[in-house]
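K.L.:
sequence first, predicted model second:
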Amino acid sequence: MRAALQTCANSLEILGAPEGAYTSTDEVVIRIGEAINVDIKPEDIGISHKLKRKTTKPVIVKFVSHKVKSLLYKARTKLKNVKTSDVFPSYAFASREDQRIFINENLTNYPRELFWKANKMKKDNMITILLYRLFDSTWTMDGKIFVKTSPSGTPVRIYCVEDLDDL
């Protein structure tokens, strides 16, 4: 398990970069860094490539330094104000609504499923918000999953599905 954590520790997934709008996956990482004021140099990137998934093809990047990965990951909240066309202006959007770009940690299967369930519970809860509020926010940091039950609440680390049920 330790080896798996080490290989993912410096890795991020970038979703929303349109196919054909860039010449290399390193370019995607550098451009997104520029868009959110994080200086990423080519030598900061160990390796990057597209992942083959059923629905999308995110770009995965492994950084040489955990520090650079953390800077980009923490600045990801600035992407709320950035559209795909801001980062890739030469890309032609054929009557489609402009997409957003997302940066996620590269999680192994179990944490990915656990985080998905936590997010689903949060979204389902938004429907029943008049009854009670279960989660205010969910996020990952260095492969660990956290939830908050209120804006001023203390973050709780989630280790397994039972932890979600206990909240």
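P.N.:
Looks like it arrived, so ask away. Numbers count the residues shown, from 1 in each chain.
K.L.:
can you list the neighbours in contact with stretch 46-63?
P.N.:
The contact list for stretch 46-63 (CB atoms under 8 Å, 6 or more residues apart in numbering) reads 7, 10-15, 17, 19, 24-26, 28-29, 44-45, 64, 69, 72, 104, 106. (Glycine included, C-beta is placed from N, CA and C.)
K.L.:
repeat the analysis, applying 10 Å as the threshold.
P.N.:
7-17, 19, 22, 24-30, 32, 40, 44-45, 64-65, 68-73, 102-104, 106 (CB atoms under 10 Å, 6 or more residues apart in numbering).
K.L.:
can you give me the strands in this structure?
P.N.:
Applying DSSP state E to the chain gives strands spanning 11-15, 45-50, 59-63, 102-105, 137-141, 144-148, 156-158.
K.L.:
tell me which of those strands is the most buried.
P.N.:
Neighbour counts (mean count of other CB atoms under 10 Å) averaged over each of the strands of the chain peak at strand 59-63, with a mean of 22.
K.L.:
what pairs with that one, parallel or antiparallel?
P.N.:
If you go by DSSP bridges, strand 59-63 pairs up with strand 11-15 (antiparallel), strand 45-50 (antiparallel).
K.L.:
that one - what's its average pLDDT?
P.N.:
Averaging pLDDT along strand 59-63 gives 93.
K.L.:
now find how far off-centre it is within its chain.
P.N.:
From the chain centre to the centre of strand 59-63 is a distance of 11 Å (CA atoms, centre = their mean, to the nearest Å).
K.L.:
return the set of residues that bridge with the spatially most central residue of the chain.
P.N.:
Nearest residue to the geometric centre of the chain (CA atoms, centre = their mean): residue 104, 1.4 Å. Following DSSP bridges, residue 104 is listed with bridge partners residue 13.
K.L.:
if I pick it, what's in contact with it?
P.N.:
Residue 104 touches 12, 13, 14, 15, 58, 60, 73, 76, 112, 115, 139, 140, counting by CB under 10 Å, 6+ apart.
K.L.:
what does residue 146 give?
P.N.:
115, 118, 137, 138, 139, 140, 154, 155, 156, 157, 158.
K.L.:
check the contact between the third one and residue 152; I expect there is one.
P.N.:
No: distance between residue 137 and residue 152: 11.5 Å, which falls outside the contact criterion (CB atoms under 10 Å).
K.L.:
that older thread, dump the strands of the chain to TSV, plus distance to residue 80.
P.N.:
Formatted as TSV, the strands of the chain follow (distance: least, CB to CB, whole Å):
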stretch	distance to residue 80
strand 11-15	14
strand 45-50	23
strand 59-63	19
strand 102-105	10
strand 137-141	14
strand 144-148	18
strand 156-158	24
